[in-house]
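K.L.:
just a sequence and a predicted model for now, questions to come.
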Amino acid sequence: MKIILPLKQHVGAPCKPIVNTGEEVERGQLIAIPQGLGANIHASVYGTVDTITEEFITIIPAQEQPEGYVKIKETDNKLKAIEEAGIVGAGGAGFPTHVKLNVDLKDGYVIVNGAECEPILAHNLKIMEESPESLVRGVKYIKEITNASKGYIAVKAKYKKAVKSLKKACAIEKDIEVKFLPDIYPSGDERVIVRELLGIELEPGKLPLEAGAVVQNVETIKHIVNAIELRKPYITKDTTVAGRVQDGKKGKVFLDVPLGEPVGKYIELCGGFVKPYGEITLGGPFTGSAGSEDAPITKTLGGILVSMPFPQETRKMGILACECGAQEERLKEIAKAMGAEVVAEEKCKRMVEVNGRYRCDKPGECPGQAEKILNMKKKGIQVLLTGTCGD
Ligand code: SF4
């Protein structure tokens, strides 16, 4: 088994390798550095560098894998520790965390995104249930870094066990509270969180910063705490495996999986595939995309889902995209796997173009789509594939 570490696991440019082929590396050793916006990449195992390309570094792991790791440089500067550790948004966005947190939020808010928004995924839930104190410490560190005065942990009320643990951990905290999110998709969208918790409606394309807030995903905060307290680089990922795997009915959570390992290993650890099966989806059901058993675990990989075989479809298909769920590219990928002919495409009417990119005008306040569907019917569709979460 080879470890594959992509040089771009973040928003920005690919990192530049600083090791050579044949070189022995230690777990935690810095192996690639950003060129502009980006985040450090460290070896996730002890081993020998096998290949270096413009896209990735591969490492052949040593037989012995001791517990330890090379610690990041010692520093009292918490933001610097986050930068050294190569932390990016683990929820899927991949934005470098040291850049996101380099703000002054005087009288503002640090908000933990505990929505666990994508159905089936459960690894953030496990952290909230089992390590709430660590999450609270993380909020305090981010408050200190950003000068924010309040911390909110945003979670859905239906996650009762997590709510109970978080409330207990926050009981003695003056400035950190548990707040509730509605049980809708996409309640984990940063603009939805700001709307629900602060009552501020951000326009499409605007960041929580405009409302005096930063929003951080639960797992990202875990990595921040590890960097500050243990000087640990971002070398492992939490993930959920579910679907047509033997142990996958409810989803199985794996914490601290070495980056770069193949997703197939974790399908095997769930007892292997249930046959017949269809696609391996990398990410969540709403925003994931098709992958393979060889694909590596990356800093932003949310889940590993195995679907049932896609039904084959001979009728003329229309596709209806959602900005927060499946967009045209993904819907076309699924249509192709179904063998369908796509004859019409539409976007949810709430999708608006901002700076060349489509955004949702009011995420989670999803409209009916009758008008769009009638348009497509005129173009001859007989069946619809939709990424929208409304009716
Ligand atoms: S309003 Fe439309 S684009 Fe926005 S989340 Fe709902 S379905 Fe998606």
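P.N.:
That came through, no problem.
K.L.:
residues touching V257, list them.
P.N.:
V257 sits next to 236-239, 266, 297 when contact means C-beta atoms under 8 Å, 6 or more residues apart in numbering. (Glycine included, C-beta is placed from N, CA and C.)
K.L.:
so which elements touch the top helix by length along the chain?
P.N.:
Looking across the chain with DSSP state H, the single longest helix is helix 132-146. Helix 132-146 sits against helix 78-84, strand 109-114, helix 123-130, strand 150-156, helix 160-170, strand 176-181, strand 213-217, helix 218-230, with contacts defined as 3 or more C-beta pairs under 8 Å, 6 or more residues apart in numbering; DSSP states H and E.
K.L.:
Serialize these to a markdown table and add fields for mean neighbour count and distance to the ligand.
P.N.:
Listed next are the helices and strands packed on helix 132-146 as a markdown table, based on neighbours: other C-beta atoms under 10 Å; distance: least, C-beta to the nearest ligand atom, whole Å:
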| stretch | mean neighbour count | distance to the ligand |
| --- | --- | --- |
| helix 78-84 | 22 | 31 |
| strand 109-114 | 26 | 16 |
| helix 123-130 | 21 | 20 |
| strand 150-156 | 22 | 17 |
| helix 160-170 | 17 | 24 |
| strand 176-181 | 19 | 15 |
| strand 213-217 | 24 | 17 |
| helix 218-230 | 23 | 22 |
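K.L.:
assign a three-state SS to K372, would you?
P.N.:
Assigned with DSSP: H, G, I helix; E, B strand; the rest coil, K372 falls in the helix class.
K.L.:
what is the burial count for it?
P.N.:
Using other C-beta atoms under 10 Å, K372 has 22 neighbouring residues.
K.L.:
kindly report the residues of the protein close to the ligand.
P.N.:
Neighbours of the ligand within the chain, by C-beta under 6 Å from any ligand atom: 186, 322-325, 348, 350-351, 360, 362-364, 366, 388-390.
K.L.:
okay, now the closest residue to M308 other than its chain neighbours: neighbour count?
P.N.:
Spatially, and ignoring its direct neighbours in sequence, M308 is nearest to G278 (5.5 Å; C-beta to C-beta, 6 or more residues apart in numbering). Using other C-beta under 10 Å, the number of residues around G278 comes to 17.
K.L.:
was I right to think G278 contacts Q312?
P.N.:
No: if you go by C-beta atoms under 8 Å, G278 and Q312 don't touch, sitting 11.0 Å apart.
K.L.:
common neighbours of these two, please.
P.N.:
Here G278 and Q312 have no joint contacts, going by C-beta under 8 Å, 6+ apart.
K.L.:
per-domain residue ranges of this protein.
P.N.:
Here the domain assignment for the chain is 3-61, 78-230, 236-306, 316-386, based on automatic domain parsing.
K.L.:
please convert these to TSV, extending it with mean pLDDT.
P.N.:
Converted to TSV, these look like this (pLDDT from 0 to 100):
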stretch	mean pLDDT
domain 3-61	97
domain 78-230	96
domain 236-306	95
domain 316-386	92
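K.L.:
mind listing what the nearest residue to V112 once chain neighbours are set aside touches?
P.N.:
Using C-beta to C-beta, 6+ apart and skipping the chain neighbours, the partner closest in space to V112 is I153 (4.3 Å). I153 is in contact with 111-112, 114, 128, 135-136, 139, 166, 170, 176-179, counting by C-beta under 8 Å, 6+ apart.
K.L.:
for L331, same thing?
P.N.:
Here L331 is in contact with 319-321, 385-387 (C-beta under 8 Å, 6+ apart).
K.L.:
and what of G387?
P.N.:
Shown in contact with G387 (C-beta under 8 Å, 6+ apart): 286, 319-322, 325-327, 330-331.
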